[in-house]
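S.K.: Starting from these lines, generate the structure:
(one chain, ligands or ions: 1)
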Amino acid sequence: MTLQAIRYHRGHLEILDQLLLPDVSKFIPLHNTDEGWMAIKLMQVRGAPAIAIVGCLSLAVELTKKDFSTRKELKEFVHEKLNYLVSARPTAVNIADAAAKGKTLINQLIDNEDIELEDIKLSLIKEFENMLQADIDVNRSIGRYGAEHILKNCNNEPVMVMTHCNTGSLATAGYGTALGVIRHLHEHNKLDRVYCTETRPYNQGARLTAYELVHEKMNASLICDNMAAACMASNKIHAVIVGADRVVANGDTANKIGTYQLAIIAKYHNVPFYVACPKTTFDPNIKSGKDIHIEIRPEHEMTTLKGIKIAAAGISCWNPAFDVTPAELITGGIITEYGVFNPREIQDKFNEFDQQR
Ligand SMILES: CSC[C@H]1O[C@H](OP(=O)(O)O)[C@H](O)[C@@H]1O
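M.R.: Model (predicted):
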């Protein structure tokens, strides 16, 4: 049983407060989009897919408890709340993708005079609820495609891999993206060992990924971010697998800060470097990585740890939450629910799948 970051039933949403992990496992209720926005902003919930799901479910909960007198009122409310949720964090695109789909759906339903107002509201709530299982199904496909691709290039022998940040059940509805690949390897007895980086300054690796790996008894070792090069020099690492917050048209990818340098180190050591993400992380509207908006987080997230100062008082900080890995460094490919693709082909591949629908 994998860990769960989100608990939901109609009219009720709780999230695992990830700021308290691994010491304290505490679920907190979210009653509306204001609370959803704040939980995302504070990173009580984080991870591109989980942000989208929790944001939309916080709106679903609010809609469940609110009555509307006109179609216009409902439409304006939904548009306003979805736009607000997207503003919580700028780099991950999944919530913007979900918001766009939600606005398209409400616009279509509102124009259909055969559907009652209450049924329109219910249809939108069900659309948001469907995101939970859909995400898990997508993650399992990513896990399978990614594991098969890695094993194909390693004579189907158990592999040693490295991962960064947290891309597991605590970043998604369950199972995970990059960590989903690692889970699939583990489930099929093809995981020799996984090295997870601590991922300063929020420590998604030390606090969250390590928590998931220990929970599921995988062979795992935690390393500091500055140990990655020595780890690849000292061990036969078969692949590096990371997640993504936004993959753009030319295959450049924004992901947790430290990903770019991992890709450079992997290139130097001839270790295949993979990005694992669902199609909802793809943004064809941005042509190259230089145009991705990178979130800058508060300085205290670097200078304190659980409230204890770990840096000299008065020092200023540069704290970007993400960096951009150019497509040419994603040497293993981008692992999606449709297969593993060359980053430069990702837009054409997704266009093909859209046309096949
Ligand atoms: C499948 S999670 C994708 C992505 O989100 C994480 O960022 P954050 O913890 O700041 O939300 C990290 O970049 C993961 O790779």
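S.K.: going forward, measure contacts and count neighbours with C-alpha atoms only.
M.R.: OK.
S.K.: what kind of secondary structure is the residue of the stretch 51-200 of the chain found nearest the ligand in?
M.R.: Taking C-alpha to the nearest ligand atom as the measure, the stretch 51-200 of the chain has Thr167 as its residue closest to the ligand, at 4.0 Å. Under DSSP: H, G, I helix; E, B strand; the rest coil, Thr167 falls in the coil class.
S.K.: Would you confirm that it contacts Ala178?
M.R.: Yes. Assessed by C-alpha atoms under 8 Å, Thr167 is found in contact with Ala178 at 5.7 Å.
S.K.: Quick check: neighbours shared by those two?
M.R.: Val242, Gly243 (C-alpha atoms under 8 Å, 6 or more residues apart in numbering).
S.K.: rewinding a little: give me the local confidence score for the residue of the stretch 51-200 of the chain closest to the ligand.
M.R.: Model confidence at Thr167, given as pLDDT, is 98.
S.K.: how close does it sit to Gly143?
M.R.: 12 Å (C-alpha to C-alpha, to the nearest Å).
S.K.: likewise Ala88?
M.R.: Taken as C-alpha to C-alpha, the span from Ala88 to Gly143 is 29 Å.
S.K.: Neighbour count for the two, which is higher?
M.R.: More neighbours surround Gly143 than the other of Ala88 and Gly143, with 27 against 19 (other C-alpha atoms under 10 Å).
S.K.: Name the spans of the stretch 151-300 of the chain whose pLDDT lies under the cut-off.
M.R.: Of all residues in the stretch 151-300 of the chain, none has pLDDT under 70.
S.K.: interface residues of it facing the ligand?
M.R.: Cys165, Asn166, Thr167, Ala171, Thr172, Thr177, Val242, Gly243, Ala244, Asp245, Asn255, Lys256 (C-alpha under 6 Å from any ligand atom).
S.K.: and the residue lying closest to the fourth one once chain neighbours are set aside, what is it in contact with?
M.R.: Spelled out, that is Ala171. Once flanking residues are discounted, Ala171 sits nearest to Gly47: 4.1 Å by C-alpha to C-alpha, 6 or more residues apart in numbering. Gly47 makes contact with Asn166, Thr167, Leu170, Ala171, Thr172, Asp245 under the criterion C-alpha under 8 Å, 6+ apart.
S.K.: any chance of those in JSON lines, with neighbour count too?
M.R.: What follows is these, written out as JSON lines (neighbours: other C-alpha atoms under 10 Å):
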{"residue": "Asn166", "neighbour count": "32"}
{"residue": "Thr167", "neighbour count": "32"}
{"residue": "Leu170", "neighbour count": "28"}
{"residue": "Ala171", "neighbour count": "28"}
{"residue": "Thr172", "neighbour count": "28"}
{"residue": "Asp245", "neighbour count": "26"}
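S.K.: Angles on the backbone of Glu337, please.
M.R.: Backbone geometry at Glu337, expressed as degrees, to the nearest 10, gives phi -70, psi -10.
S.K.: Also Thr336?
M.R.: phi -130, psi 180.
S.K.: wait, isn't Glu129 in contact with Leu57?
M.R.: Yes. With contact defined as C-alpha under 8 Å, Glu129 counts as touching Leu57 (6.8 Å).
S.K.: ok, the two, which is more surrounded?
M.R.: Per other C-alpha under 10 Å, whichever of Glu129 and Leu57 has more neighbours is Leu57, with 33 against 18.
S.K.: Excluding sequence neighbours, find me the nearest residue to that one.
M.R.: Nearest to Leu57 is Phe128, by C-alpha to C-alpha, 6+ apart, at 6.1 Å.
S.K.: Spit out the contact partners of the one you found.
M.R.: Per C-alpha under 8 Å, 6+ apart, neighbours of Phe128: Ile53, Cys56, Leu57, Ala60.
S.K.: Touching, the third one and Gly11? I think so.
M.R.: No. Counting by C-alpha under 8 Å, no contact exists between Leu57 and Gly11, whose distance comes to 9.0 Å.
S.K.: how about the helices in the stretch 151-300 of the chain?
M.R.: 178-187, 210-215, 228-234, 259-268, 300-303 (DSSP state H, counting those that start in this stretch).
S.K.: For the third one, C-alpha coordinates in PDB please.
M.R.: What follows is helix 228-234 as a C-alpha-only set of coordinates in PDB (Å, rounded to 0.1, in the frame of the first residue of the first chain):
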ATOM      1  CA  ALA A 228      25.600  13.000  -7.000                       C
ATOM      2  CA  ALA A 229      28.800  13.200  -9.100                       C
ATOM      3  CA  ALA A 230      30.800  11.100  -6.700                       C
ATOM      4  CA  CYS A 231      28.000   8.600  -6.500                       C
ATOM      5  CA  MET A 232      27.900   8.200 -10.300                       C
ATOM      6  CA  ALA A 233      31.700   8.000 -10.300                       C
ATOM      7  CA  SER A 234      31.700   5.300  -7.600                       C
END
